[in-house]
Every structure is written in structure tokens, then in C-alpha cells.
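Participant: Predicted coordinates and the sequence they were generated for:
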Amino acid sequence: MNFEQMKKELGMESCPGCFAEIYEEIKDEWKNRASLILSEAYIEGVLTEAKVLLPYMETVLSAAAKVRENDALCLLVCVLEKWVKNGGNINDPDYTPPKGPRLDYDFFHLFAAIPTIPDSVRYFRNRNVPEDIIAASLQEYDYCFEMCRMNIGRIAFDKGRLVWICHTINNELIRIGRFKYELPTKRVSGVRVYKNSKGEILTLADGLHIHRTGRIVGSIYCEDETESFVADITETENEIIGHVITDGNVAREKTSFSKLEWELCLSKDDAVIPVHIPRDGDFDVDTIESSYARLREVMANCFVDMPYKAIHCHTWMMSRDLRKVLKPTSNILAFQKKYIHYPCKSAGTWVFGFVFPGEKGISDIESLSEGTSLQRNVKELYKNGGAIYDDCGFFF
């Protein structure tokens, strides 16, 4: 089995150019490697030691047995393993994964990721990350299975799950209490933030293209550029001049501020910690604050070499439009209040995967469920031409 035979046998339309290079590196060893990483003993040992995918072990082992019967898939798994370890971009449009109706095609991506699990455990232990956080972070694999169940009606581990689990493979995602956090490699975009001696915060739009409605041009219902404007920032020797953002709304007129009074505290050059919100767990203020507090403790003790300026979140749950469909006492609205909001380009579709999981979403509004008040209110909003626009937010 060589590289071209693999592509032909699996019916792969295209592959990234580096796949052929990886094959040349592993062509003499891939069979032995596949025999190891696809063996029942290896898989069961890694998953049991890390306490990962234990409820699904029988299915995983059955899928591995099916992959072992297919030399082409065995080779592809070995190529993918090398690719993800090298930081390959699984979202590469040139990678068109093979598809099939069987168990092996549902799960072969998983077997490229499993060998990285011991490396992740070692990495976090070497940084003295508490064991409960390591264990919770590795549960991302279980979460991926359940996301497939929700999206396609069965547990699986498709290309999209491998894309997401690369956050775990790259040791950049940790679960602390209620939230998942990316370690601070990301930067903010679209805003520049200043602070004065009183601790007051000034947020200016930095290069945002604003629709006449105040949304970002290109967002749902905001494609027309008539009366739009670019909210940029200019500076003189003594002044900062820009469009102020208040509660996520960008002012059309510019305002000047003295450099003697305002000091830059967050810009595109500064790292932030992105927050991800899993479905499970309580969402009350105490639970949320406990997660933030422990995050700061872990960063100070285990990742002192990774400075950050702010905690950042981009989600439909940050949307100011939720005020139209939720009660003022809502936990989601309480969650929002900690953040300083600013707008971002939004298709208005993110909300559907969470409020109407497994349903058609925006393509068939009429068919959406109405089992909860949130579902009924969101459905009514969209039927009347509204949307839940994603927003961004940050706090220090």
C-alpha cells in the first residue's frame, strides 16, 4: 500500500501537499505504527489510564478492529497522527476525508488523536496543573462524541471533532469548573481599550465596518453598505480620536480624548484568555465566579510564562439581543454583565445549535421546536425579522 493507492482506494478527492511528504517519512514504519496504535491493548491502556471515553470503550475498540482490516485507513491514520502532532491545519480545504457507512469511517480520525493523550497528561503534570483539571480537560474527547450524537444522531468522531480536539492535542485548552479556557495565545481584534486614573474603561472601535443599524457590515440583514462607515482610530501628539463603544454600540461620531488622562491597556498586540461555554453544569453567578477565580490561580501558579491582559468571550450567549427573549433575572444575562461588549460580524446562526440542537435551524424556522419559553421566543424573534447576533466581550 503506497500513498497513491491509499487515495484511490479511499476515494479521496484531494489531500494537502504535506500528506505525500509525511508518507515518505513513514513509508517504512507505518505498518508497525498502525499495528501498535490501533491495537486493543494500546487503546484500552491509554484511555483507561487517562479516564477518557470509558463509557464508549466497547464501540471504540470495535471501530479500531474494523480499521485494522483496512490497510488504506491504517495508512491514513498514521499520516493524520503525524500531521496533528506537527500542528497541521485540519481545516485545510484540500483535506477531503473518505466517507463510508461503517464504524471504521465514523471513528478513524479518533485513532490519530489517541496517541497524543499521554503527551498531554505529561505536559500538564510537568506544569503542576491539578489532577482534577487535567482529568476534566481530557473529557473533551467524551464531549466530542456527544456533540456528534447531537449533530448527526449517533456517536462518532468526524473531521470536525479532530479539528476541535487539536486544541487539546496542542495543550491549549483546559476545563476549570464551569468553563473551558484557551491558554493565552489569541489576540483581540476590532477594539482598542484605555483606562484612566479612576479605573474607568474607554473602548474604541478599531477598524470595524459599521452598518447603518450599528451592526457589522456583512452580518445577517446587514449586507447593504449604504450609510455605513469605518470606525477607525487616529492619534495626534496629545489626543486619541475614535468611535466610542457603549454597551456594544458603536457611536457614529468621533470623540477626542486626552493622552494625559487615558492609557492604553488592551490592543491587538495583547494576549487574552478565550472562554468557551460547555452545555453541562450550573450557570449561577457563584459557579461562574468560582471558575474565573480558579483560572487566575492556575495561571499564576502553572502558566506564569503565559501573561495575558484580559478574559475574552465570543458567543451567542453574549448577544445583547437576548435581552429581548429572556427574563431580566436570567442567568445568561447575569453572565453577560461582567463583560464589556463590542460587536462582531455575525451570521445569526450560532444560537440554533444550542437552543434547537439537531434541528434544521435558520433554514426552516417554522419547523423549530417550541418546548421551552426560550425556544418560543427565539423562534418568534426570527419569524419577525430579528436575530440573535453573536457579540464579543472582555473583562480584566
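Facilitator: Arrived safely, thanks for sending. Numbers count the residues shown, from 1 in each chain.
Participant: Could you pull out the strands in the stretch 51-200 of the chain for me?
Facilitator: Using DSSP state E, counting those that start in this stretch, the strands of the stretch 51-200 of the chain run over 173-176, 179-182, 186-187, 191-195.
Participant: Dump the ones you listed into a markdown table; add mean neighbour count, mean pLDDT and distance to D206 as well.
Facilitator: Backbone N, C-alpha and C define where each C-beta goes, glycine included. Converted to a markdown table, the strands of the stretch 51-200 of the chain look like this (neighbours: other CB atoms under 10 Å; pLDDT from 0 to 100; distance: least, CB to CB, whole Å):
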| stretch | mean neighbour count | mean pLDDT | distance to D206 |
| --- | --- | --- | --- |
| strand 173-176 | 23 | 98 | 27 |
| strand 179-182 | 21 | 98 | 22 |
| strand 186-187 | 14 | 80 | 12 |
| strand 191-195 | 21 | 98 | 5 |
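Participant: Which one, of those strands, ends up nearest to D286?
Facilitator: Closest to D286 of these is strand 179-182 (CB to CB; 13.8 Å).
Participant: Identify the residues contacting that closest one?
Facilitator: Residues outside strand 179-182 that contact it (CB atoms under 8 Å, 6 or more residues apart in numbering) are 137, 140, 167, 172-175, 273-278, 288, 291-292, 295, 311.
Participant: Only whichever of those residues are buried, select them in PyMOL.
Facilitator: Filtering these down to the buried ones (16 or more other CB atoms under 10 Å) takes a single PyMOL command:
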select buried, resi 137+140+167+172+173+174+175+273+274+275+276+277+288+291+292+295+311
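Participant: any idea how far P274 is from L173?
Facilitator: 9 Å (CB to CB, to the nearest Å).
Participant: Turn the strands of the stretch 51-200 of the chain into CSV, including distance to C15.
Facilitator: CSV is the format used below for the strands of the stretch 51-200 of the chain (distance: least, CB to CB, whole Å):
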stretch, distance to C15
strand 173-176, 27
strand 179-182, 28
strand 186-187, 29
strand 191-195, 39
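Participant: quick one, which of these is nearest to D390?
Facilitator: Nearest of the strands of the stretch 51-200 of the chain (CB to CB): strand 191-195, 15.1 Å.
Participant: Mind exporting the C-alpha coordinates of the helix or strand just after the closest one to PDB?
Facilitator: Following strand 191-195 in sequence order, the next helix or strand is strand 201-205 (DSSP states H and E). This file holds the C-alpha atoms of strand 201-205, laid out as PDB (Å, rounded to 0.1, in the frame of the first residue of the first chain):
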ATOM      1  CA  ILE A 201     -12.600  52.000  30.900                       C
ATOM      2  CA  LEU A 202     -12.800  53.500  27.400                       C
ATOM      3  CA  THR A 203     -13.400  51.200  24.400                       C
ATOM      4  CA  LEU A 204     -12.900  52.500  20.900                       C
ATOM      5  CA  ALA A 205     -13.700  50.600  17.700                       C
END
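Participant: in the stretch 251-396 of the chain, which spans are strands?
Facilitator: Going by DSSP E, counting those that start in this stretch, the stretch 251-396 of the chain shows strands at 255-258, 263-266, 271-276, 310-315, 340-343, 391-395.
Participant: ranking those strands by burial, who's on top?
Facilitator: Of all those, strand 340-343 carries the top mean neighbour count, a mean of 23, counting by mean count of other CB atoms under 10 Å.
Participant: Sheet partners, orientation included, of that one?
Facilitator: strand 391-395 (antiparallel) (DSSP bridges).
Participant: lowest confidence element among the helices and strands of the protein?
Facilitator: For the chain, the helix or strand with the lowest mean confidence is strand 186-187, at a mean of 80 (criterion: mean pLDDT, DSSP states H and E).
Participant: Can you list the strands that that one pairs with?
Facilitator: In the sheet, strand 186-187 lines up with strand 271-276 (antiparallel) (DSSP bridges).
Participant: I'd like to check the angle between the partner strand and strand 310-315, please.
Facilitator: Inter-element angle recorded for strand 271-276 and strand 310-315: 40 degrees (by axes from the mean of the first three to the mean of the last three CA atoms, to 10 degrees).
Participant: average pLDDT across strand 271-276?
Facilitator: Per-residue pLDDT over strand 271-276 has a mean of 97.
Participant: Send me that strand as PDB with only the CA atoms.
Facilitator: Output of strand 271-276 as PDB, limited to C-alpha atoms (Å, rounded to 0.1, in the frame of the first residue of the first chain):
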ATOM      1  CA  ALA A 271      -2.900  38.100  24.600                       C
ATOM      2  CA  VAL A 272      -6.300  37.200  26.100                       C
ATOM      3  CA  ILE A 273      -7.800  34.000  27.500                       C
ATOM      4  CA  PRO A 274     -10.800  33.000  25.400                       C
ATOM      5  CA  VAL A 275     -13.800  31.400  27.300                       C
ATOM      6  CA  HIS A 276     -15.800  28.500  25.900                       C
END
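Participant: hmm, who's touching that strand?
Facilitator: 173, 179-188, 266, 295, 299, 306-315, 394.
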